[in-house]
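Asks: Have a look at this prediction, sequence included:
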2 protein chains.
Amino acid sequence: MTNERARQLSTAEARRETVLRTAIGTFAARGYFGTTTTEVAKEAGISQAYVYRLFPNKESLFVAVVERCFVQVRGCLEQAVADADGGSADVVLAAMGDAYAKLITDRDLVLIQLHAQAAAVSESAVRDAVRRGYAHVVEYVRGASGGDEHEIQNFFARGMLCHLVVSIGADEVDAPWARTLTVDITHY
Amino acid sequence: MTNERARQLSTAEARRETVLRTAIGTFAARGYFGTTTTEVAKEAGISQAYVYRLFPNKESLFVAVVERCFVQVRGCLEQAVADADGGSADVVLAAMGDAYAKLITDRDLVLIQLHAQAAAVSESAVRDAVRRGYAHVVEYVRGASGGDEHEIQNFFARGMLCHLVVSIGADEVDAPWARTLTVDITHY
DNA sequence: CCGAAGAGTGAGTGTTCAACCACACATACC
DNA sequence: GGTATGTGTGGTTGAACACTCACTCTTCGG
């Protein structure tokens, strides 16, 4: 019985990369508890068993996904700062806000953060990852914008509002309450 | 064989009430997907089978819990409005904010909202419940305070920030980033 | 004191889960 | 071409899941 096509192997590192990338979408859809490792495997095109060769357990996998998302967020903000080079705090924060609005055209990023926040309560490894993520991002925003405490805080408060809007799909609702929540929230 | 003590029966309505009250804490701890109906039953002091006599399924139970939480939030805001009777929009909103800060001394309320938001993505019944909840609350805040679009929006943005702070326990972290997020966020 | 209606449960159902292991196959180096 | 190393999977396991059913016990009206 001849092979129809020789199997092409990847390196474990490349596979991990694939899994991480596709698992963002998988976990985004149903969250940490609601997503099965079988779904993650299917999305990545490997067997469920191999997921456990690449990651020690489900929690580690999810934590890696969360960290990956924070990296993407930071990358997006850095790009915005580079573009709005040397402006005032207001200008830089506005540029960052706009860049973030563009970034979350990909809803998965918001959903992962939301699910991570929810899971953070009972899963300490997740909580630690989210804390590290915000520690990094908050300090970056502060350093790059030079904004004061209240400006920085307001920046993140608006970010959280974006997450609410996305999670319940408020931008798809045609009603005054929904318009109030979404007004001036840029969404592409 | 004599009974050591005659069993005391409740009405189904009273039991449902008990389950609803205790289930807030149960779902708060591990979320919609992470909480089992067995845990809910244990917390309420009934058999798991009887949970299904009182509620048609797990989703309906969770939706009922979410609705209950929104009722509590609204009740809290109404109380604040009654106390700050007839003030300007700023004053009324500040009173509401303070009342909410007091309310979420009970972290469970925040956690339910967070978990509901996360579950809203994949469970449409949950999404509808959250939408109804915000529809009600946003319109109430608007009507009671007379604030403009931006004031109302900002009120909710700060509320969302509170949720982040609570979920990752930022108030327990001694670091600049955590202080930036929590500054001026009243917490009792 | 009988009988109907409701409160409440023990013991399951089939399914699905995370995690594991023994093994097959591909590659690389000598 | 042999062997060591790494890639990848099928099959399984024990536990846990949501949900069901047959059944018992309480209450209460007549």
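Replies: That came through, no problem.
Asks: Look up the closest residue to A:V165, ignoring the ones flanking it.
Replies: A:T182 (5.5 Å; Cβ to Cβ, 6 or more residues apart in numbering or on different chains). C-betas here are computed from N, CA, C, even on glycine.
Asks: what number of residues lie near that neighbour?
Replies: Close neighbours of A:T182, defined as other Cβ atoms under 10 Å in any protein chain shown, add up to 19.
Asks: pretty sure it contacts A:G169?
Replies: No. A:T182 lies out of contact with A:G169 (Cβ atoms under 8 Å); the separation is 10.5 Å.
Asks: returning to that earlier point: quick one: pLDDT of the residue nearest to A:V165?
Replies: Note on A:T182: pLDDT of 96.
Asks: for the one 3 residues further on, same thing?
Replies: With respect to pLDDT, A:I185 scores 91.
Asks: For A:G97, pull up the helix or strand it's in.
Replies: For A:G97, the host element (DSSP states H and E) is helix A:89-103.
Asks: Which strand or helix spans A:T22?
Replies: Assigned by DSSP H and E, A:T22 belongs to helix A:12-34.
Asks: And DNA strand D, is that helix touching that?
Replies: Yes. Using Cβ under 7 Å from any atom of the strand, helix A:12-34 comes into contact with DNA strand D via A:12-13, A:15.
Asks: Averaged pLDDT, stretch A:99-109. What do you get?
Replies: Averaging pLDDT along stretch A:99-109 gives 95.
Asks: quick one: it near chain B?
Replies: No. Applying Cβ under 8 Å from any Cβ of the partner chain, one finds stretch A:99-109 separated from chain B by no less than 8.6 Å.
Asks: So for A:G159, what's the pLDDT?
Replies: Value for A:G159, per-residue pLDDT: 97.
Asks: Sorry, wrong one. I was asking about A:R5.
Replies: pLDDT, A:R5: 39.
Asks: before we move on, what about A:V126?
Replies: A:V126 is assigned a predicted lDDT (pLDDT) of 95.
Asks: Distance check, it against DNA strand C.
Replies: 14 Å (Cβ to the nearest atom of the strand, to the nearest Å).
Asks: Next, count neighbours for A:Y52.
Replies: The tally of other residues near A:Y52 (other Cβ under 10 Å) stands at 14.
Asks: Give me the contacts around stretch A:46-62.
Replies: By Cβ atoms under 8 Å, 6 or more residues apart in numbering or on different chains, the residues outside stretch A:46-62 that reach it are A:12, A:15-16, A:19, A:23, A:27, A:32, A:37-38, A:40-41, A:44, A:64, A:116, A:119, A:123, A:125-126.
Asks: Quick check: PyMOL command selecting the buried ones in the residues you listed.
Replies: In PyMOL, this line selects whichever of the contacts of stretch A:46-62 come out buried by 16 or more other Cβ atoms under 10 Å in any protein chain shown:
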select buried, chain A and resi 15+16+19+23+27+32+37+40+41+44+64+116+119+123+126
